[in-house]
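J.: Sequence and computational prediction follow.
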Amino acid sequence: MTLTLTNLTESILNPYGRFRTLGNLSAVCDAGEPVFSAMTHSYNFLVETGGRRYLLKYFFRPGSRAETTARLLAGSLPGLDSAYLAGIRYLDREILVFDDRGAPMLCDILIQEIPESTALGEFARKHCAAGDTASLRTLSAELCRMGAWLLSADLVHGNLRPSNILVTPALKPLLINFDHMATPQTDEHFDRVANADNTALATLALTCHILSQAPALYTALGGHLAFQPRHLRQLLSRLVLSPDGVPGAIHDLIRMLEECRDTISDRKRLADLLLELAGNETRMTIGFRDTSAELPERLPTGPERPEIRVQADLSAYDWHGTSSETLTCVARDGRFGYVDGQANEAIPLIYDWACDFREGRAVVVRDDLYGMIDRSGREIVAPAYELLDWDADNGIAKVMSEGLFGLLNRLGEEIVPLIYEWMGEMDSGLIPARKDDRYGYLRRDGSVAIPFVFDDAYDFADGRALVLRGESAYYIDPEGNALPSA
Amino acid sequence: MYTARITRTHPTAFVILIDQSGSMEEPTSFCGERMSKAEAVARATNMLISELINRCRREDGCRDYFDIAVIGYSGRGIASLLGTRQTFLRPTQLAGMDVPQTTLTKERRLPNGQTVLSTMRQKQWIQPTAHADTPMCAALTRAYRLVRDWCRQRGNQSSYPPTIFNITDGEASDGSDSELIEIADKIRSVGTEDGKTLLINLHITSHAELPRTLFPSSEEELPDEPYARLLYRMSSPIPETYNEHISDLRDGATAFPVRGISYNASATELVGMMNIGTVSATIT
């Protein structure tokens, strides 16, 4: 029997006689519409019963890994009585649903407790706006402790993101939607699935720590985007921490994320860093390095040369960046755009995030997808990528979609198709990349400079790069020749 | 083939062609309610649009996983029924449209024998209408151009291929059998790297006594009527990823592969057929 989301919605909006054990259930509605989301494996409805709020999940692919895991978790997976995990119950043949022909069917559901709480993203937005550093610091420390617990308990959440972390009134984090949870006992590919979780944990902890020290940076970091590993990593090189002697954990965490190439595998080291960060109460100042000073010499010259720095009144905006190539990035009500030197709106505030112009191009985000605009506001690359990293010095942009990387030129034309599983930094001449789990190096025109034969490969610096092949680790030159060890 | 994951960067497309000829004024039964075929088809289409929009709803809002076009064909010509100059609309656009709503009521019998009424609000993007001829050939030509252009777009070249539902109750008034076969072949020849466009012909009737055929695996399963055989030859073989759902719909053993066609289906069955035409695609 094929059940649709519409069939399920009918039962949830008309609950009388439809539930076997849950009594007086009602759908939570917003403007008359049920609050729900359609996920990859389940339809999730927010409901109330017995004065409590729950997430009701129907797994529409019976036998899927998500459904099997959910059933297992609701049973007896060890370690799941933690205060960091929201309680769940799996209810067999609980809800009566009628299909398109009117035939009835009893279906299994899972219900997950949703106590009074705020999702992490919303919590960060509200408390950063209020400058509530005390709450943010408490949460940041608690989040680090939760991360250390997950790591030491050998548990992988499987879908760590701000919407799946609730913050209780006691400022404790609570995990929900752990249908993809894995342990070394339940998942033979545990190490692989753990990598993404580890990277997400490091990102969440670092972002919360930065915001707890500098809540005013919330908008500049891209709001909720700051909790995404790739987005945060793009910003890390521009962050300035002071005083210089701030404790090592945050520096080490930043370095770990910068160098992790989307996979952090050392769970023990990460747990230690998170615990160190949780116990660290040192105050520091965090800001962005001003990149505008790097640009003037490349601007057009002559009588039409626009003035670069005009002290315009930008008080009408919630946030503004530095003036770059005559335009200043501004934000109001969570929308980003650009104003000119007289504070006139040059590019409408239609983006969810935007960064400064460099060499006539700026990266913008709309609906969590990255694109690139020119100084007239024209979308050179329409927001369609999950990542876009603009290298102004070399006039190329690294893009990623559905986990595959490629390169575009400044006109938005594809010079390397999206076929690589990972791509490293573009500023050292040759670009390290991964394909079919092997590492090699690309030239900026997309041609292969050094074949994909390595188990790991690092950026070139001072004319050499470290590579790993089998049991051997050695340096190579830009021709791919092994260099004699020092 | 037919395995591409549907993402915002690689959406898929649904084109719904609706016969709005004069015969669609005939009465039929839809979910136990008497109404015209035009009204039943409009309801089924509105329900499908709702289902598609809802499947795009994530925690952070609606995401555009689909391009959706609804085109009517009748004596008044061929026209988009979504009331905009754009033919393809995305779920966020459709969700944001200010269209009338109606309350749908269904009678349900609970396991204890009690009968209860279910109510659901339903947006009405499509309004029923019926007028004169059946220019199916012209409508299929329009659909062919639409999907050909859609498949050529850079972002769509590796997408799950488009699906066309052609809902009709009668024969074309503007083309010979060979012309219909020709345009259907052209439709089925365009596609993406993931597969060719799927053309599903949904023939409905208001005569419940006529033998109905859903997703047949051979021409012999259909009534011995030239028009039924013609629709069969026009329809796409359905990929195996749909098999489980089709088996459920047919309530029994089915020899696969089947063709995407219904003949003498009821208006109520139309909803299930269209849902099956959309459920096998995987959204990430």
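T.: Received the coordinates, thanks. Numbers count the residues shown, from 1 in each chain, chains lettered A, B, ... in the order given.
J.: near chain B, which residues of chain A show up?
T.: Residues of chain A lying close to chain B by Cβ under 8 Å from any Cβ of the partner chain are A:1-2, A:4-6, A:9-10, A:13-14, A:16-18, A:32, A:36-40, A:96, A:98-102, A:104, A:163, A:367-369, A:384-386, A:401-402. From N, CA and C alone the C-beta is placed, and that goes for glycine too.
J.: ok, of those residues, which come out buried?
T.: A:1-2, A:4-6, A:9-10, A:13-14, A:18, A:36-40, A:96, A:98-100, A:163, A:368-369, A:384-386, A:401 (16 or more other Cβ atoms under 10 Å in any protein chain shown).
J.: From chain A, how far out is the residue nearest in space to the middle of chain B?
T.: Chain B has B:Phe165 as the residue nearest its centroid, 3.3 Å off, counting by Cα atoms, centre = their mean. Here B:Phe165 is placed at a distance of 15 Å from chain A (Cβ to the nearest Cβ, to the nearest Å).
J.: Quick check: bridge partners of that residue?
T.: Note on B:Phe165: beta-bridge partners by DSSP bridges are B:Ile16, B:Ile200.
J.: Packing partners of the lowest-mean-pLDDT helix or strand in chain B?
T.: In chain B, the helix or strand scored least confidently by mean pLDDT, DSSP states H and E is helix B:267-279, which has a mean of 82. Here helix B:267-279 touches strand B:12-19, strand B:27-30, helix B:37-55, strand B:163-168, strand B:198-204, helix B:243-250, strand B:261-265, going by 3 or more Cβ pairs under 8 Å, 6 or more residues apart in numbering or on different chains; DSSP states H and E.
J.: Do I have it right that A:Ala148 meets A:Arg269?
T.: No. Judged on Cβ atoms under 8 Å, A:Ala148 makes no contact with A:Arg269 at a distance of 11.4 Å.
J.: Pick out whichever of these two has more residues nearby.
T.: It is A:Ala148, of A:Ala148 and A:Arg269, that has more neighbours when counted by other Cβ atoms under 10 Å in any protein chain shown, with 22 against 14.
J.: Now for the more buried one: which residues touch it?
T.: Applying Cβ atoms under 8 Å, 6 or more residues apart in numbering or on different chains, we find A:Ala148 in contact with A:271, A:274-275, A:278.
J.: follow-up on the earlier one: what's next to the least confident helix or strand of chain B, contact-wise?
T.: Outside of helix B:267-279, the residues within contact range by Cβ under 8 Å, 6+ apart are A:2, A:4, A:99-101, B:14, B:16, B:28-31, B:37, B:40-41, B:44-45, B:47-48, B:51-52, B:163, B:165, B:167, B:198, B:200, B:202, B:204, B:206, B:212, B:214-215, B:242, B:245-246, B:249, B:260, B:262, B:265.
J.: Filter the residues of chain A next to chain B down to just the ones in strands.
T.: Among those, DSSP state E puts A:36-38, A:96, A:98, A:104, A:369, A:384-385, A:401 in strands.
J.: Could you dump the residues you listed into TSV with pLDDT added?
T.: What follows is these, written out as TSV (pLDDT from 0 to 100):
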residue	pLDDT
A:Phe36	95
A:Ser37	93
A:Ala38	91
A:Leu96	96
A:Phe98	94
A:Pro104	93
A:Leu369	86
A:Ala384	85
A:Tyr385	88
A:Ser401	81
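J.: re the thing from before, for the helices and strands packed on helix B:267-279, give me a markdown table that also has distance to B:Arg63 and mean pLDDT.
T.: A markdown table is the format used below for these (distance: least, Cβ to Cβ, whole Å; pLDDT from 0 to 100):
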| stretch | distance to B:Arg63 | mean pLDDT |
| --- | --- | --- |
| strand B:12-19 | 13 | 95 |
| strand B:27-30 | 31 | 86 |
| helix B:37-55 | 10 | 92 |
| strand B:163-168 | 19 | 94 |
| strand B:198-204 | 23 | 94 |
| helix B:243-250 | 23 | 85 |
| strand B:261-265 | 31 | 91 |
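J.: got the residue ranges for the strands in the stretch 1-150 of chain B?
T.: Per DSSP state E, counting those that start in this stretch, the stretch 1-150 of chain B carries strands over the ranges B:12-19, B:27-30, B:33-36, B:57-58, B:61-62, B:66-74, B:77-80, B:101-109, B:115-123.
J.: Any chance you could list what contacts the third one?
T.: By Cβ under 8 Å, 6+ apart, the residues outside strand B:33-36 that reach it are B:24-29, B:43, B:128, B:130.
J.: got any ranges where the stretch 151-284 of chain B has weak pLDDT?
T.: For the stretch 151-284 of chain B, the stretches with pLDDT under 70 are B:280-284.
J.: Could you give the residue of it that lies closest to chain A?
T.: In the stretch 151-284 of chain B, the residue found nearest to chain A is B:Gly272; the distance is 4.1 Å by Cβ to the nearest Cβ.
J.: residues near that residue, how many?
T.: Neighbours around B:Gly272, by other Cβ under 10 Å: 23.
J.: gap between it and B:Met47?
T.: To B:Met47, B:Gly272 is 11 Å away according to Cβ to Cβ, to the nearest Å.
J.: Check A:Glu116 too.
T.: For A:Glu116, the distance to B:Met47 - Cβ to Cβ - is 36 Å.
J.: Dump the strands of the stretch 1-150 of chain B into a markdown table; add mean neighbour count as well.
T.: Supplementary listing: these in a markdown table, determined by neighbours: other Cβ atoms under 10 Å in any protein chain shown:
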| stretch | mean neighbour count |
| --- | --- |
| strand B:12-19 | 25 |
| strand B:27-30 | 17 |
| strand B:33-36 | 16 |
| strand B:57-58 | 18 |
| strand B:61-62 | 16 |
| strand B:66-74 | 25 |
| strand B:77-80 | 16 |
| strand B:101-109 | 13 |
| strand B:115-123 | 14 |
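J.: Mind putting those into JSON lines with distance to A:Ala170?
T.: Formatted as JSON lines, those follow (distance: least, Cβ to Cβ, whole Å):
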{"stretch": "strand B:12-19", "distance to A:Ala170": "45"}
{"stretch": "strand B:27-30", "distance to A:Ala170": "53"}
{"stretch": "strand B:33-36", "distance to A:Ala170": "53"}
{"stretch": "strand B:57-58", "distance to A:Ala170": "29"}
{"stretch": "strand B:61-62", "distance to A:Ala170": "29"}
{"stretch": "strand B:66-74", "distance to A:Ala170": "42"}
{"stretch": "strand B:77-80", "distance to A:Ala170": "55"}
{"stretch": "strand B:101-109", "distance to A:Ala170": "42"}
{"stretch": "strand B:115-123", "distance to A:Ala170": "39"}
